[in-house]
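K.L.:
A predicted structure for the sequence below; I have some questions about it.
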Amino acid sequence: MRIHFLLLWLLVAIQLAGQTTPDLPKPSPAQLRWHETEFYLFFHFGPNTFTNLEWGHGTETEDVFNPTDLDCDQWCRVAKQAGARGVVITAKHHDGFCLWPSGYSTHTVRESPWKDGRGDVLRELSEACRRHGLKFGVYLSPWDRNHPQYGTPEYNDVYAKTLTELLTGYGELFEVWWDGANGEGPNGKKQVYDFHRFEKLVARLQPDAVIFSDIGPGCRWAGNERGTVNETNWCTLDTAGFGRGATGPPADTLQRGNSYGANWIPAECDVSIRPGWFYHPEEDEQVKTPEQLLEIYLKSVGRGANLILNVPPDRRGRIHARDSLHLAEFGALLHTRFSSNLAKDKKWIRLFRACAFTPRKYRSDLNDGDPATYQPLHQDVAVSGPVYREVLDLGRKRRFQTIVLQEYLPEGQRIAAFTVEVREKGEWQMLFQGTTIGHKRILTFPEVRARRIRFTVKEARAHPLISEVAVY
């Protein structure tokens, strides 16, 4: 009997030894910082704001751009109230109008009446972000419906130079945003973009910036503009054979990622607080409510993705009062929902026969509020197959309706199936069944009252590592 017992432990040890150093895709330091950013605002602003269009034609005269009361500090105050940690602005949209006085275009704020041609929206916003402690990012449309060289090989030189202006002139960027729009230019031709060249520019001049597009390489589009991602959401993606825009991966793949994908390219969910992306006065009564924004948050950030919420400034150059109010109320909802962690510093107990062979190099705890610490889950050897478990004791029965789980992503995304149970009348009752966790998984359910919560991982790519568990 003793020999059989030792053999069992030996087999488990061999199994775990093979799982402690898996060959999994892992995020870069810049991507880890991007994951921690979680939620930020998008500002669509430009001639479309004043012409009431979504996609400008590129033929609009520069004098249409003339905000009467531009206040980027107000934009940042609104972002902070909402709980956002950064902003991204449309430095140039498809119409080709540059919100900074670019040296490589004659369709810019320099040619507008705003501030007698001496204004620079990017300068004002980047400096406001630094004052308010927000990260700053830029959208630079590759499509340009105004530039005369669009549709020629020379345009790639123009785009690289304008991109360099943004990468070198406005401080540290956390994200560079590209879409795949590729329509005709004023010469009736479409451009063949040299994205490989543009990627190398970003890597050299802003190594801490994450590039967004259908195929990253820093983060990927989530496949819709509703601000949500699939409940199963892998941070890994296969990009071979795919491009940006019409040649990108299918929407269902972007929604889920690839479970065994070769590249770490996590999902970013984009959505506008209004029906349109630019400001339209007729939409002032159609601003999403705080409750709608919370639902979007739970289906994006709460499923391991990042959320970029578009809030378009109006023709004054300010965030409209209704948008501002709804965002402030949404921020208050977030604070109320996640302000008191019932699991903070509570004890973990073991009510099962656990395997002693766990990875040696780690820093605990599971509920210390520090995402840099983590705990390998213990294997329950009393059941067949690799099942990993931990039990949280809240000390006494507490009422709760939300649980937040976080994986330790520096070692890759590992968990593929998990359950959460509560102890009731001497029996474990199922509370939640899920698949992936990733950076953050927010579980919501009808309020329960319990003291002990059991977390079980039933399927994993390697030994599961959890950095945080919170209960609200």
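P.N.:
Sure thing, it's come through.
K.L.:
Mind jotting down where the helices sit in the stretch 301-450 of the chain?
P.N.:
For the stretch 301-450 of the chain, the helices defined by DSSP state H, counting those that start in this stretch occupy 321-337.
K.L.:
just for it, where's the confidence low?
P.N.:
By pLDDT under 70, the weakly predicted segments of the stretch 301-450 of the chain are 352-365.
K.L.:
ok, now which ones touch the residue nearest the centre of the chain?
P.N.:
Geometric centre of the chain, nearest residue: N306, 1.7 Å, by CA atoms, centre = their mean. Counting by CB atoms under 8 Å, 6 or more residues apart in numbering, N306 makes contact with 34-35, 37-40, 219, 266-269, 300. C-beta here means a position set from N, CA and C on the backbone, and glycine is covered the same way.
K.L.:
and the gap between it and L122?
P.N.:
N306 sits at a distance of 22 Å from L122 (criterion: CB to CB, to the nearest Å).
K.L.:
which parts of stretch 159-174 are buried?
P.N.:
Buried residues in stretch 159-174, counting neighbours by 16 or more other CB atoms under 10 Å, are found at 159, 162-167, 170, 173-174.
K.L.:
Ok, stretch 310-317 next?
P.N.:
310-315, 317.
K.L.:
Please apply the same query to stretch 213-226.
P.N.:
Buried, per 16+ other CB under 10 Å, within stretch 213-226: 213-223.
K.L.:
Mind checking which of these are in strands?
P.N.:
Among those, the subset assigned to strands under DSSP state E consists of 213, 219-221.
K.L.:
quick one on the thing from earlier: the residue nearest to the centre of the chain bridge partners, please.
P.N.:
Counting by DSSP bridges, N306 forms beta bridges with E268.
K.L.:
D252 contacts G223, correct?
P.N.:
Yes - between D252 and G223 there is a contact at 7.0 Å, judged by CB atoms under 8 Å.
K.L.:
before we move on, back to that, now, the buried residues of stretch 310-317 that are in strands?
P.N.:
Among these, the ones falling in strands (DSSP E) are N310.
K.L.:
Which of the buried residues of stretch 310-317 sits closest to L342?
P.N.:
Nearest to L342, judged by CB to CB, of the buried residues of stretch 310-317 is V311 at 32.7 Å.
K.L.:
Identify the residues contacting the closest one.
P.N.:
V311 neighbours (CB under 8 Å, 6+ apart): 41-43, 75, 78-79, 272-273, 319, 323, 327.
K.L.:
Equivalent analysis for G137, please.
P.N.:
Counting by CB under 8 Å, 6+ apart, the residues that G137 touches are 40, 86-89, 173-177, 209.
K.L.:
Remind me which helix or strand it belongs to.
P.N.:
If you go by DSSP states H and E, G137 is part of strand 135-140.
K.L.:
Repeat that for R451.
P.N.:
Assigned by DSSP H and E, R451 belongs to strand 441-460.
K.L.:
Check C129 too.
P.N.:
C129 belongs to helix 121-132 when assigned by DSSP H and E.
K.L.:
Also F198?
P.N.:
helix 195-205.
K.L.:
quick one: P148 and N187 touch, right?
P.N.:
Yes - under the criterion of CB under 8 Å, P148 makes contact with N187 at 7.1 Å.
K.L.:
out of those two, which sits in the more crowded spot?
P.N.:
P148 (16 against 12; other CB atoms under 10 Å).
K.L.:
which SS state does the more buried one fall under?
P.N.:
Put simply, P148 is coil when judged by DSSP: H, G, I helix; E, B strand; the rest coil.
K.L.:
In space, what's closest to it - neighbours in sequence excluded?
P.N.:
The spatial neighbour of P148 that comes closest, neighbours along the chain excluded (CB to CB, 6 or more residues apart in numbering), is P186 at 6.0 Å.
K.L.:
do the same with G183
P.N.:
Using CB to CB, 6+ apart and skipping residues adjacent in sequence, the residue nearest G183 is W143, 5.6 Å away.
K.L.:
again with W177
P.N.:
W177 sits nearest to Y139 (CB to CB, 6+ apart), 4.0 Å away.
K.L.:
beta partners of the one you found?
P.N.:
T90, W177.
K.L.:
start the count at 276, not 1, going forward
P.N.:
Fine by me, first position is 276 from now on; the one you just mentioned is Y414.
K.L.:
Run a quick neighbour tally on it.
P.N.:
Counted with other CB under 10 Å, the neighbours of Y414 add up to 21.
K.L.:
R736 too?
P.N.:
Around R736 there are 17 residues (other CB under 10 Å).
K.L.:
How many residues are close by the nearest residue in space to it that is not next to it in sequence?
P.N.:
The spatially closest residue to R736, leaving aside those adjacent along the chain, is R689, at 4.7 Å (CB to CB, 6+ apart). Counted with other CB under 10 Å, the neighbours of R689 add up to 23.
K.L.:
Which residue ranges make up each domain of this structure?
P.N.:
Here the domain parsing of the chain from automatic domain parsing is 304-612, 616-746.
K.L.:
Straight-line length of the first one, end to end?
P.N.:
The reference is to domain 304-612. End-to-end distance for domain 304-612: 29 Å, by CA to CA, to the nearest Å.
K.L.:
ditto for stretch 552-560
P.N.:
Stretch 552-560 has an end-to-end distance of 15 Å (CA to CA).
K.L.:
So which bits of that stretch are buried?
P.N.:
For stretch 552-560, the neighbour count (16+ other CB under 10 Å) marks 552-555, 558 as buried.
K.L.:
which one of the contacts of V586 is nearest T336?
P.N.:
F318 (22.6 Å).
K.L.:
Confirm for me that T443 is in contact with L480.
P.N.:
Yes - T443 lies in contact with L480 (CB under 8 Å); the separation is 5.9 Å.
K.L.:
hang on, the earlier thing: will you turn the contacts of N581 into CSV that also has pLDDT and distance to L641?
P.N.:
Putting these into CSV (pLDDT from 0 to 100; distance: CB to CB, whole Å) gives the following:
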residue, pLDDT, distance to L641
W309, 98, 24
H310, 98, 18
T312, 98, 23
E313, 98, 20
F314, 98, 24
Y315, 98, 28
C494, 98, 27
P541, 98, 22
A542, 98, 25
E543, 98, 27
C544, 98, 27
S575, 98, 24
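K.L.:
quick one: which of the residues you listed is nearest to L684?
P.N.:
Relative to L684, the closest of the contacts of N581 is H310; by CB to CB it sits at 6.4 Å.
K.L.:
What segments of the stretch 276-425 of the chain are strands?
P.N.:
314-318, 361-367, 410-415 (DSSP state E, counting those that start in this stretch).
K.L.:
How about residues contacting the shortest one?
P.N.:
Around strand 314-318, the neighbours that count as contacts under CB under 8 Å, 6+ apart are 350, 353-354, 357-365, 400, 409-410, 412, 414, 450, 545, 547, 572, 576, 581-588.
K.L.:
Going along the chain, name the strands of the stretch 526-675 of the chain.
P.N.:
538-539, 542-547, 581-585, 622-624, 650-651, 653-654, 663-682.
K.L.:
just to revisit the earlier point, for the domains of the chain, which one sits closest to D298?
P.N.:
Evaluated with CB to CB, the domains of the chain place domain 616-746 nearest to D298, the distance being 9.0 Å.
K.L.:
measure the closest one end to end?
P.N.:
First-to-last residue span, domain 616-746, CA to CA: 5 Å.
K.L.:
Tell me the buried residues in the strand holding R726?
P.N.:
Neighbour-count burial for strand 716-735 flags 716-718, 725, 727-733, 735 (criterion: 16+ other CB under 10 Å).
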